[in-house]
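A.B. asks: Okay, here's the prediction I keep looking at, along with the sequence it came from:
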Amino acid sequence: MRSVPKHSIWQLPLVQALLIQVAVFLVLSGLFFVFDYFFQIAVTLGIAILLQAFLAACLSYLLRMPKWWLFIQFFFPICLFAALALEIPPVYFLSGFLVLFAIFGGIVRTRVPLFLSPRPVWVKLLDLLPEGEPVRFIDIGSGLGGILIYLEKQRPDIRYAGVELSLLPWVISKVRAKLAGSQIDLRFGDYESVSFSDFDVAFAFLSPVVMEGVWDKVAAEMSHGSLFLSLAFPIPHKKPDFVIQAERERAVIYGYHVTGVA
């Protein structure tokens, strides 16, 4: 069986972004000290913050971080300075951080943002479910649980499960399933902790950075004849067995037939 690669903490974009900001701050602090001590050149606070923002973004680009991190790296020191200048009470930052972490905390570990699939995709998934045989379906990164609740109402003969690492979306999905009287097995955790051998159909709407690892796990654990479906993001270097375009939505489902346990 092939092993699924684990990501070192140093590979996480959040950790890399923090290290970049710290490194730029230390270098600039040293340069500013030299300018002031030897050349009597004092750098204003505004220029220092803009240099911090610009150099952090440039270094992030050179290290090939995802594009959205370049904007985060640039605006982080500016927003931090603005918050300090406005003397905003720290409790607001703490509250905001806790809410955002509850929603997007899974990104720190998995590097997968919270994506919500459009409803036309749910209909297409329903058409892809096998008829006349027992099926076990898992949504990898089940978010708010909308797909699973919809599918269960249409095909109650199928066993459904979902796994979600971000806390607040998982709690919301549990509440929604409870109110709907659902029997869906909603698990809190990383997909790497789930055995895909328990399922016949797996669906994912994740991120390009993890698709190769997800496929390695799927190919290693799912049995011959199983089906893997990925919304928007194809598996690198592997041709899909079929491609489906959702109506009225710029959403593409890539389908892969599993040929057997590796």
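C.D. replies: Good, I have the coordinates.
A.B. asks: Now the biggest helix by length in the chain: average pLDDT?
C.D. replies: Identified as the longest helix of the chain according to DSSP state H is helix 13-39. Helix 13-39 shows a mean pLDDT of 87.
A.B. asks: just checking, what packs against it?
C.D. replies: The helices and strands touching helix 13-39, judged by 3 or more Cβ pairs under 8 Å, 6 or more residues apart in numbering; DSSP states H and E, are helix 45-62, helix 67-85. The way it works is simple: take the backbone N, C-alpha and C, and place the C-beta from them, glycine included.
A.B. asks: hey, least reliable of the ones you listed by pLDDT?
C.D. replies: Ranked by mean pLDDT, the helices and strands packed on helix 13-39 end with helix 67-85 at the bottom, a mean of 82.
A.B. asks: Quick one: residues in contact with stretch 221-232.
C.D. replies: For stretch 221-232, the surrounding residues in contact (Cβ atoms under 8 Å, 6 or more residues apart in numbering) are 1, 115, 117, 121, 125, 128, 130, 195-197, 199-206, 211, 214-215, 218, 251-261.
A.B. asks: List only buried entries from those.
C.D. replies: Buried subset of the contacts of stretch 221-232 (neighbour count, 16 or more other Cβ atoms under 10 Å): 117, 121, 125, 196, 199-206, 211, 214-215, 218, 251-254, 256, 258.
A.B. asks: can you tell me how far residue 48 sits from residue 77?
C.D. replies: From residue 48 across to residue 77, the span is 9 Å (Cβ to Cβ, to the nearest Å).
A.B. asks: can you check residue 119 too?
C.D. replies: Going from residue 119 to residue 77 by Cβ to Cβ gives 40 Å.
A.B. asks: So which of these two has more stuff around it?
C.D. replies: residue 77 (22 against 13; other Cβ atoms under 10 Å).
A.B. asks: any idea how far residue 41 is from the more buried one?
C.D. replies: Applying Cβ to Cβ to residue 77 and residue 41 gives a distance of 21 Å.
A.B. asks: tell me the contacts of the residue found closest to residue 139 once you drop the neighbours it is linked to in the chain?
C.D. replies: The spatial neighbour of residue 139 that comes closest, neighbours along the chain excluded (Cβ to Cβ, 6 or more residues apart in numbering), is residue 162 at 4.2 Å. Contacts for residue 162 (Cβ under 8 Å, 6+ apart) come out as 138, 139, 142, 145, 148, 173, 184, 185, 186, 187.
A.B. asks: Residue 174 now?
C.D. replies: 145, 186.
A.B. asks: Now do the buried residues in the helix or strand where it lies.
C.D. replies: Per DSSP states H and E, residue 174 falls inside helix 167-179. The neighbour-count check on helix 167-179 (16+ other Cβ under 10 Å) flags 168, 169, 170, 172, 173, 174, 176, 177 as buried.
A.B. asks: The residues you listed into JSON lines, with extra columns for distance to residue 52 and pLDDT?
C.D. replies: Converted to JSON lines, the buried residues of helix 167-179 look like this (distance: Cβ to Cβ, whole Å; pLDDT from 0 to 100):
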{"residue": "168", "distance to residue 52": "32", "pLDDT": "82"}
{"residue": "169", "distance to residue 52": "33", "pLDDT": "87"}
{"residue": "170", "distance to residue 52": "36", "pLDDT": "90"}
{"residue": "172", "distance to residue 52": "37", "pLDDT": "90"}
{"residue": "173", "distance to residue 52": "40", "pLDDT": "94"}
{"residue": "174", "distance to residue 52": "42", "pLDDT": "95"}
{"residue": "176", "distance to residue 52": "43", "pLDDT": "94"}
{"residue": "177", "distance to residue 52": "46", "pLDDT": "95"}
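A.B. asks: Determine which two of those residues are furthest apart.
C.D. replies: Spanning the widest gap among the buried residues of helix 167-179 are 168 and 177, at 14.9 Å by Cβ to Cβ.
A.B. asks: hang on, the earlier thing: would you mind finding the most buried of the helices and strands packed on helix 13-39?
C.D. replies: Of the helices and strands packed on helix 13-39, the one with the most neighbours on average (mean count of other Cβ atoms under 10 Å) is helix 45-62, at a mean of 17.
A.B. asks: Would you confirm that residue 219 contacts residue 257?
C.D. replies: No: under the criterion of Cβ atoms under 8 Å, residue 219 makes no contact with residue 257, lying 10.7 Å away.
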